[in-house]
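**Student:** here is my input; please provide its structure:
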Amino acid sequence: MTSVFKASASPGNPWQLQNRRVNHCMLRNMPIKSGSVAEIASTLSDTVKESLRRVDIRAIEPLELSRFAIMLHHEGYLAHEASSQLGHYQLDYAGLIDPLEITRDGLKSIRGVDDVKYALAIRHYELGIDAVLGIQRLSDYLNGRTIDIYA
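**Tutor:** Below is the predicted model of the structure:
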């Protein structure tokens, strides 16, 4: 005897919440929805703006970085993979760290070794680098540390 069970409603995409969250910025592979850093900054809530003004993303405690990444992910500005990558440093480091330097070193250590075997790790490192650079650009903009270059 064979039985077939069907859910009353289609389960849909299990990642639909992640797909609904708009990654406005901080990832090269996700188009910046609003365009320039100024336009993106104008979409940020006051809480996120204040957090970005206070953070020094290149010299940060690992636990603070983890909390900051979780907050940005919760607000919809940081993809899950990037927030996970930035959240891992609290396991291995104490004191102030530069997550950009650490992430670039990690990527360099596995790039070319076996890119197929380490494809997921490579992607996470790349997303972490993009996230740190995006956070730094927004922080610099909100603190008035920008330079306009014209050619």
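
**Student:** chain neighbours aside, what residue packs nearest to Ser84?
**Tutor:** Among residues not flanking Ser84 along the chain, His124 sits closest, at 7.0 Å (CB to CB, 6 or more residues apart in numbering). Where you see a C-beta, it was placed from the backbone N, CA and C, and this is true even at glycine.

**Student:** wait, that neighbour touches His80, no?
**Tutor:** No. With contact defined as CB atoms under 8 Å, His124 does not reach His80; the gap is 10.2 Å.

**Student:** who's more crowded, these two?
**Tutor:** More crowded of His124 and His80, by other CB atoms under 10 Å: His124, with 20 against 14.

**Student:** what separates the more buried one from Tyr141, distance-wise?
**Tutor:** Noted for His124: a distance of 26 Å to Tyr141, by CB to CB, to the nearest Å.

**Student:** kindly report the same for Ser51.
**Tutor:** 14 Å.

**Student:** average pLDDT for the longest helix anywhere in the chain?
**Tutor:** When the chain is parsed with DSSP state H, its longest helix is helix 119-142. For helix 119-142, mean pLDDT rounds to 92.

**Student:** could you do stretch 37-45 as well?
**Tutor:** 84.

**Student:** using the three-state scheme, assign Gly144.
**Tutor:** In three-state terms, and counting by DSSP: H, G, I helix; E, B strand; the rest coil, Gly144 is coil.

**Student:** number of nearby residues for it?
**Tutor:** The burial count for Gly144: 7, using other CB under 10 Å.

**Student:** cheers, nothing more for now.
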